[in-house]
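Engineer: model this:
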Amino acid sequence: MTLRITGNTMGNSLLPKHIKHITVPPVKCQGIKTKLVNFIASSISWEGKGKWIEPFLGSGVTAFNILAPKALLADTNPHIINLYRQIQKREIDRNTVKEFLEFHGAKLEKGDGDYYYEIREQFNRTKDPLLFLFLNRASFNGLMRFNANGNFNVPYNHKPNRFSKAYISKICNQVSTLQNILMCVDWEFITAPWEHTIAQANANDFVYLDPPYIGRSSDYYNRWSYEDALKLSTQIHSLPCGYAMSMWLKNKFRTNEYIDNFRTKDEILTFNHFYHIGASETLRNSIVEALIIKPGYSNKQNFGNVKLYLQEEIALDNMWDKKSQNDLYSQRLHRFHR
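Structural biologist: Okay, here's the model as predicted:
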């Protein structure tokens, strides 16, 4: 596979751009930005001359689709970073993943929950990245949660046949795609607090932040308090480069008041989409996501599209019924990018 890392076909800048085929990472996380990648990529204006910096990497889906030639990608979760480092060094590839998941998937099918908890205990002793990948795909609802001692503590998802041939092939393809990307770029993965990471930013860089969301249940490696969020809002305003930060704005229950810290200093674009926290239709809701962008780094041409898009969203939200979520989202995405 030959991968070309290029910028916007409309000019010489890396961003804004539209991504035709979204790269899905091998790691699953709550709050993953797969559905928001194009909104992010089309809203930012950046030449791409410096590094793309992410202090809250999570699954990595944004970086894996922005495809900056140089990047500094950090997270406080050492297990995500270790897995991606080993994929980068080719110590883990599609063949090792296939063999591992086939072997342990067959054992899970026979041992069910007992085998899952055996693997979980083994991972908490060894911190093996392949065991981490197994747990990430076999745990309840795709959660990634750790206790105060740093031990993975998510319960079993009660799917003994989880690792079907098709599902293993899907994960292997994701690993292979990421490995091909990493062969063509100059990216550094580090385990570090966000303060350390953004302190390395220079004038030509761009910092994208996706911190844990205040006021919503999350599954992050470290706790995230309102005080942490206030500290972050203060420090990003002194960055020497462009930045953008993802944040939830509101849902049908409440509004995120924390966003008021940015209204007078930054430009804010919003995007309405559906999220779900379970299989039940009653657990699927609409949420308005915000992208906070440093003045001078937003794609002005996108503002009109987003405004129109949001007006349509309000009408569509009122029309939404239990059986049409997926079709409705596809219609919204089409309108946004036409």
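Engineer: C-alpha from now on. contacts and neighbour counts both.
Structural biologist: Fine.
Engineer: ranges for the strands of the protein?
Structural biologist: Assignment of strands within the chain using DSSP state E yields the ranges 52-54, 70-75, 186-191, 206-209, 242-251, 267-276, 284-293.
Engineer: which among those is found nearest to residue 143?
Structural biologist: strand 267-276 (12.8 Å; Cα to Cα).
Engineer: who does the closest one pair up with?
Structural biologist: Note on strand 267-276: by DSSP bridges, its sheet partners are strand 284-293 (antiparallel).
Engineer: what's the mean pLDDT across the partner strand?
Structural biologist: Averaging pLDDT along strand 284-293 yields 86.
Engineer: and what of stretch 41-57?
Structural biologist: 97.
Engineer: same question, stretch 162-181
Structural biologist: Per-region confidence: stretch 162-181 scores 98 on mean pLDDT.
Engineer: and residue 170, how close does it get to residue 159?
Structural biologist: From residue 170 over to residue 159 the distance is 17 Å, taken as Cα to Cα, to the nearest Å.
Engineer: got the domain ranges for this structure?
Structural biologist: Structural domains annotated on the chain: 34-76+192-299, 94-171, as defined by automatic domain parsing.
Engineer: so which of the strands of the chain gets nearest residue 81?
Structural biologist: Closest among the strands of the chain, using Cα to Cα: strand 186-191, at 6.1 Å.
Engineer: which helices and strands sit right next to that closest one?
Structural biologist: strand 70-75, helix 78-88 (3 or more Cα pairs under 8 Å, 6 or more residues apart in numbering; DSSP states H and E).
Engineer: pLDDT score for residue 6?
Structural biologist: For residue 6, pLDDT reads 48.
Engineer: I should have written residue 241 there, sorry.
Structural biologist: On pLDDT, residue 241 comes in at 98.
Engineer: swap in the one 10 residues further on?
Structural biologist: For residue 251, the pLDDT comes out at 84.
Engineer: for the residue nearest to it when sequence neighbours are not counted, grab the count of nearby residues.
Structural biologist: Spatially, and ignoring its direct neighbours in sequence, residue 251 is nearest to residue 287 (4.5 Å; Cα to Cα, 6 or more residues apart in numbering). By the criterion of other Cα atoms under 10 Å, residue 287 has 18 neighbours.
Engineer: kindly report the same for residue 191.
Structural biologist: Other residues lying near residue 191 total 19 when counted by other Cα under 10 Å.
Engineer: same check on the one 3 residues further on?
Structural biologist: Using other Cα under 10 Å, residue 194 has 18 neighbouring residues.
Engineer: I figured it hits residue 55, correct?
Structural biologist: Yes: between residue 194 and residue 55 there is a contact under Cα atoms under 8 Å: 4.8 Å.
Engineer: please enumerate the shared neighbours of these two.
Structural biologist: 74, 75 (Cα atoms under 8 Å, 6 or more residues apart in numbering).
Engineer: quick one: the helices in the stretch 1-150 of the chain, in order.
Structural biologist: Applying DSSP state H, counting those that start in this stretch to the stretch 1-150 of the chain gives helices spanning 37-43, 61-66, 78-88, 94-126, 129-138.
Engineer: which parts of the third one are buried?
Structural biologist: Judged by neighbour count (16 or more other Cα atoms under 10 Å), helix 78-88 contains these buried residues: 78, 79, 80, 81, 82, 83, 84, 85, 87, 88.
Engineer: how much space between the last one and residue 36?
Structural biologist: In other words, residue 88. 25 Å.
Engineer: cool, residue 244 as well?
Structural biologist: Taking Cα to Cα, one finds residue 244 at 13 Å from residue 36.
Engineer: comparing those two, which residue is more hemmed in?
Structural biologist: Ranked by neighbour count (other Cα under 10 Å), residue 244 and residue 36 place residue 244 first, with 24 against 18.
Engineer: ok, the closest residue to the more buried one other than its chain neighbours - how many residues close by?
Structural biologist: Of all residues not flanking residue 244 in the chain, residue 293 sits nearest, at 4.3 Å (Cα to Cα, 6+ apart). By other Cα under 10 Å, 24 other residues sit near residue 293.
Engineer: tell me the residue in this structure that is farthest from the middle.
Structural biologist: Centroid-distance maximum for the chain: residue 110 at 32.8 Å, with Cα atoms, centre = their mean.
Engineer: that'll do, ta.
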